[in-house]
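S.K.: The sequence and its predicted three-dimensional model are supplied below.
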Amino acid sequence: MYNNLWLIPFFPLVGSIINGLLGKKIKNEKVIGSIGTLAIFASFLVACQNFFGLLGSEQKVFQETVASWMTIGNLQVDWGFLLDPLSAVMIMVVTGVGSLIHLYSIGYMHGEVGFYRFFSYLNLFCFSMLMLVLGNNALVMFIGWEGVGLCSYLLIGYYFEKKSAGDAAKKAFVVNRIGDFGFLCGLLTLFWALGSKGVWTLNFVEISENAHLLQSGGLLVTVVTLCFFLGATGKSAQIPLYTWLPDAMEGPTPVSALIHAATMVTAGVYMIGRMNILFAMSPTTMMVVAIVGAATAIFAASIGFAQNDIKRVLAYSTVSQLGYMFLAMGVGAFTAGIFHLMTHAFFKACLFLGSGSVIHGMHHGYHHAHLHDDPQDMRNMGGLAKKMPITYWTFLLSTIAIAGVPLFSAFFSKDEILWWAFGSTRGHWGLWLVGVIAAGMTAFYMFRCVSMTFWGPQKTDPKAKDHIPESPLTITIPLIILAFLAVVGGYVGVPAILGGANHIHHFFEPVFGHAQELYRIEAHGAHATEYALMAISVLVAFAGIGIAIYMYLKKPELPGKFTAAFSGLHRAVFNKWYIDELYDFLFVNPTKKIGTFLWRGFDVCVVDGVVNGTAWVVKGLSAGLRFTQSGFLHNYAAAMVVGVVVIVGYYVFG
Amino acid sequence: MEALLFYLVALVAVLSAFFVTKCRNTVNSALCLVTTFLCLAVYYVMLEAPFMAAIQIMVYAGAIMVLIVFVIMLLNIGSVGKSVYRHGLIWATGLGFLIFLIAAKFIAGGTVTKKVGTVTSEVVKDYGHTELIGTAMFTEFLLPFEIASILLLVAIVGAVILSKRKV
Amino acid sequence: MISVYHYMILAAILFAIGTFGVLTRKNTIVIFMCIELMLNSVNLTFIALSRHLGNMDGQIFVFFVMTVAAAEAAVGLALIIAFYRNKESIDVDDFNLLKW
């Protein structure tokens, strides 16, 4: 039954190759789009089969080896795939959301020059992401890890003729590389550490089984997990390596939805989930993860307050939500982290696609009126609810979901994270407080976004005003499906105190239960406490929503007064706390200076000097030696005879 | 008698060899060389190797020397002026003498072993020298023999290519 | 009685004279002939030792030396002609392109 796992990444790879090699010849957008979408949809079907097979099966961990990759000494690395509850959920998210976004892209990317290129990259991305989540050893995962980074680079730079897009792509790639370096360091250290205990392996199952050989809480495991966490911060846009994600919005919107919201950026969370036993062994690292996650959550949310570009708001929201996931991982709420990953994939993909639909409509209107305004600027929107009803309702539902309103999906996932942050043996009330504040901020800026975009008077240029249409079906169908999932996605994890069975918790038991049991990571507390915390977070969420509606709908002049009163603060937030400038000052410019110095000082003087010096020395020596090459036959003959005399003479007289 | 013949022929051989290096006229040198070759052929006979003596005369004194004389005639090289036809006389004399010294020392230092092979004068007489050579050539040394034939073929082709005016 | 030493000393003398000729003469053809002389002196030692040791191998070797000498004569003389065609000379001092 589980012999077809390899098909899941295989289909997108084939789709990518077909579109990449033949797309230019096919030309027909429908054919190209169908190939791309069907490839990922086929994966989705196989993923469904495996997922439901796993649900009904007693055994929860399956490995499938396709071929041997390399055998070095005691190390055996295979092209192997691993199906367990964690990877099953991930493949469902990747292929499911991926299929919808592919479908959406057919409508959204209509008429673009590199249509085939886009679908080829998108399929390649899905392939890499599936390799990442399905790989049963760290090397296969690493291929996926690097592959998604590459595809992210290619897709952010999709409009490569725009300088800002090219710069953003390079920034994403370079920042990711810093994280990848950490990942690789962690991997090699882990390999060496386990190898020195006699277990040479990169297989995740074997790593989990033998993790106890390392000293729990020791320096080694802390270093390894911190290195892995550095990798995760790069890929998942956490402090300090988050700066690439907002810039990555230069890519087409479906890319932002798929890569920079739903899947790739969650790779870091997935990776920590995959290595949960190692992280559980190191309380120090867990604490670092939790603090970084909480800090990122509140920090990115604060920047989201003052952004006017609709996609940037969502980008900072993504960073903030990823911070939540890391907070969950850091306090040992692995299940809640993955649960939030899943619900986030639904509502954030829906939000991004909704924003894409808005941008599409605005672009259409501006195009009609021959204007060149920025179609992504929310200050030019407003009142779009009537123009694009489907987009509006799906966007609103997802916003309600992300804001943490009860009975919507993020309520369940976020609440569980907050509960663990408060009550877990690895948690702290400070983390909880930061989380709650960030939740309120999320509610605020998301409703600010909705207010500015869909409610109130229409602020679009009058010429373009009446030419903003609802998007076509290929765009709205994915929106509706994702909005539905964003609403109901949380019901797989209704906590026990609300009368739910918390299915997802039991589902993940085989993956996380062992580590949590072994290192006594659990959330405990009175039911009353839990109810109280839940009530507080709901109140905070509603407060955020209320303030946003009040400020941006009832009293539109309030924000202006606010910014005038706190102009310094506003400027700092608007400029993203000057973090990019700080990084430029601290790292980029010194690196450039060192580079220039190495070029001018080291390369030109020392390296070239050594090379040229060698040449000069050889030239000088040979200037003397070349006189032996007189060109006269007799000299050569005489030299030969002398040689014979010397050698034979040595034997005769010697 | 044999010793007398040996020294006589040796005298002729060394003198003619010396004149090969000394004659100004190339044709004279060539003729002196032929003389040396003939002297060596005499020795081969004395050493009970009549077949070798025969091919010495035919191949060396015949074919090769004819070829050399032919080239000399073709290029029309006459005798050259007094001062320029050779140089480095002292150096070369020293080196040549040294070579001889070393070889002589080497020979003097060697020890004479007994006959180790089966080919005695009687065998040569009974069996015939040509047959002995032939048997060895076409049994034990068949492969080198064939290789030698290919070498000659290559040499012919090479000579033709080199002599063509336009390659 | 003439022993193998006599032959070998004679061969050494001839070889030394050949070397002397190679080193002194400028005429390419004479140098070539001196090389033939050296080859012949070696042939003499081969046959003398072959006779002395009662083994045919040395004489077979002489046969191959002659083969090589014939090939060498053909190619070498062709080279001399080609050279003469370019330089109107067969003086080795004119063979001086291969130098610094």
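M.R.: Good, I have the coordinates.
S.K.: Distance check, the residue sitting nearest the centre point of chain B against chain C.
M.R.: Centroid-nearest residue in chain B, with C-alpha atoms, centre = their mean: residue B:37, separated by 5.7 Å. Counting by C-beta to the nearest C-beta, to the nearest Å, the gap from residue B:37 to chain C is 7 Å. Backbone N, C-alpha and C define where each C-beta goes, glycine included.
S.K.: Spit out the contact partners of that residue.
M.R.: In this structure, residue B:37 makes contact with B:56-57, B:60-61, B:65, C:40, judged by C-beta atoms under 8 Å, 6 or more residues apart in numbering or on different chains.
S.K.: ok, now with 10 Å
M.R.: Contacts for residue B:37 (C-beta atoms under 10 Å, 6 or more residues apart in numbering or on different chains) come out as B:13, B:16, B:56-57, B:59-62, B:64-65, C:36-37, C:40.
S.K.: Return only those of those found close to chain A.
M.R.: Restricting the contacts of residue B:37 to those touching chain A (C-beta under 10 Å from any C-beta of the partner chain) yields no residues.
S.K.: Just the buried ones among those residues, please.
M.R.: B:13, B:16, B:56-57, B:59-61, B:64-65, C:36-37, C:40 (16 or more other C-beta atoms under 10 Å in any protein chain shown).
S.K.: In helices only, show me the residues you listed.
M.R.: The helices, defined by DSSP state H, take in B:13, B:16, B:65, C:36-37, C:40 from the buried ones among the contacts of residue B:37.
S.K.: Tell me where chain A has strands.
M.R.: In chain A, the strands defined using DSSP state E lie at A:62-72, A:75-83.
S.K.: Report how many residues lie close to the closest residue to residue A:508 other than its chain neighbours.
M.R.: Of all residues not flanking residue A:508 in the chain, residue A:335 sits nearest, at 4.5 Å (C-beta to C-beta, 6 or more residues apart in numbering or on different chains). Each residue near residue A:335 was counted by other C-beta atoms under 10 Å in any protein chain shown, and the total is 29.
S.K.: Residue B:52 now?
M.R.: Using other C-beta under 10 Å, residue B:52 has 28 other residues around it.
S.K.: Now do the contacts for the residue nearest to it when sequence neighbours are not counted.
M.R.: Spatial nearest neighbour of residue B:52, excluding adjacent residues (C-beta to C-beta, 6+ apart): residue B:44 at 4.6 Å. If you count contacts by C-beta under 10 Å, 6+ apart, residue B:44 has them with B:50-57, B:129, C:43-44, C:47-48, C:51, C:59, C:62.
S.K.: nearest to residue A:141, of the residues you listed?
M.R.: Residue A:141 lies nearest to residue C:62 out of the contacts of residue B:44, by C-beta to C-beta, at 75.2 Å.
S.K.: distance of the closest residue to chain B within the stretch 1-150 of chain A from chain C?
M.R.: Closest contact between the stretch 1-150 of chain A and chain B, by C-beta to the nearest C-beta, is at residue A:71 (45.8 Å). Separation of residue A:71 from chain C (C-beta to the nearest C-beta) stands at 54 Å.
S.K.: That residue pairs with what?
M.R.: Beta bridges link residue A:71 to residue A:76, judged by DSSP bridges.
S.K.: Kindly report the same for residue A:65.
M.R.: If you apply DSSP bridges, the partners that residue A:65 bridges to are residue A:80.
S.K.: Would you format the buried ones among the contacts of residue B:37 as a markdown table with pLDDT included?
M.R.: Listed next are these as a markdown table, based on pLDDT from 0 to 100:
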| residue | pLDDT |
| --- | --- |
| B:13 | 94 |
| B:16 | 94 |
| B:56 | 92 |
| B:57 | 93 |
| B:59 | 89 |
| B:60 | 88 |
| B:61 | 87 |
| B:64 | 90 |
| B:65 | 91 |
| C:36 | 92 |
| C:37 | 93 |
| C:40 | 94 |
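S.K.: number of nearby residues for residue A:73?
M.R.: Residues near residue A:73, counting by other C-beta under 10 Å, number 7.
S.K.: pLDDT score assigned to residue A:145?
M.R.: pLDDT, residue A:145: 92.
S.K.: let me fix that: residue B:113
M.R.: 69.
S.K.: thinking again about what came up before, buried residues of the helix or strand hosting the residue nearest to residue B:52, list them for me.
M.R.: Secondary structure from DSSP states H and E places residue B:44 in helix B:26-46. Neighbour-count burial for helix B:26-46 flags B:26-27, B:29-44, B:46 (criterion: 16+ other C-beta under 10 Å).
S.K.: and the residue of chain A at minimum distance from chain C, backbone torsions?
M.R.: Nearest residue of chain A to chain C (C-beta to the nearest C-beta) works out as residue A:631 at 2.8 Å. Here is the backbone geometry of residue A:631 (degrees, to the nearest 10): phi 90, psi 0.
S.K.: if I look at it, how far off is residue A:555?
M.R.: 100 Å (C-beta to C-beta, to the nearest Å).
S.K.: Measure how buried residue 77 is and give me the count.
M.R.: Here I'm looking at chain A. 17.
S.K.: meant chain C, my bad for not saying
M.R.: Neighbour tally, residue C:77, other C-beta under 10 Å: 24.
S.K.: which residues touch it?
M.R.: For residue C:77, the contact set (C-beta under 10 Å, 6+ apart) comprises B:64, B:67-68, B:70-72, B:74-75, B:159, B:162-163, C:28-29, C:32.
S.K.: Just the closest of these to residue A:25, please.
M.R.: Closest approach to residue A:25 among the contacts of residue C:77 (C-beta to C-beta): residue B:162, at 56.9 Å.
S.K.: Wait, the closest one touches residue C:86, no?
M.R.: No - counting by C-beta atoms under 10 Å, residue B:162 does not reach residue C:86; the two are 11.9 Å apart.
S.K.: Between these two, point out the one with more neighbours.
M.R.: Using other C-beta under 10 Å, the more surrounded residue of residue B:162 and residue C:86 is residue B:162, with 18 against 8.
S.K.: Alongside chain A, which residues does chain C contribute?
M.R.: C:19-20, C:22-26, C:28, C:31, C:35, C:91-100.
S.K.: Please spell out the PyMOL selection for the buried subset of these.
M.R.: Entered in PyMOL, the line below selects the buried ones among the residues of chain C next to chain A, by 16+ other C-beta under 10 Å:
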select buried, chain C and resi 19+20+22+23+24+25+26+28+31+35+91+92+94+95
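S.K.: what subset of the residues of chain C next to chain A is also close to chain B?
M.R.: Applying C-beta under 10 Å from any C-beta to the residues of chain C next to chain A, those adjacent to chain B are C:19-20, C:22-26, C:28, C:31, C:91, C:93.
S.K.: Could you find the lowest-pLDDT member of those?
M.R.: Of all those, residue C:93 has the smallest pLDDT value, namely 78.
S.K.: Next one: that one from residue A:181, what distance?
M.R.: 68 Å.
S.K.: In contact with residue A:320, which residues?
M.R.: Applying C-beta under 10 Å, 6+ apart to residue A:320 gives the contacts A:242, A:293, A:296-304, A:402, A:438-439, A:441-442, A:445.
S.K.: try residue A:576
M.R.: Residue A:576 neighbours (C-beta under 10 Å, 6+ apart): A:243, A:246, A:299-300, A:302-304, A:306-307, A:312, A:316, A:582.
S.K.: and chain B, which residues reach chain A?
M.R.: Checking chain B against chain A by C-beta under 10 Å from any C-beta, the hits are B:86-88, B:91-92, B:94-96, B:98-99, B:101-109.
S.K.: Of the residues you listed, which count as buried by neighbour count?
M.R.: By 16+ other C-beta under 10 Å, those give B:86, B:88, B:92, B:95-96, B:98-99, B:101-104, B:106-107 as buried.
S.K.: Now intersect those residues with the helices, please.
M.R.: Going by DSSP H, the helices hold B:92, B:95-96, B:98-99, B:101-104, B:106-107 from these.
S.K.: Most widely separated two among those?
M.R.: Using C-beta to C-beta for every pair in those, the one that comes out farthest apart is B:92 and B:107, at 22.4 Å.
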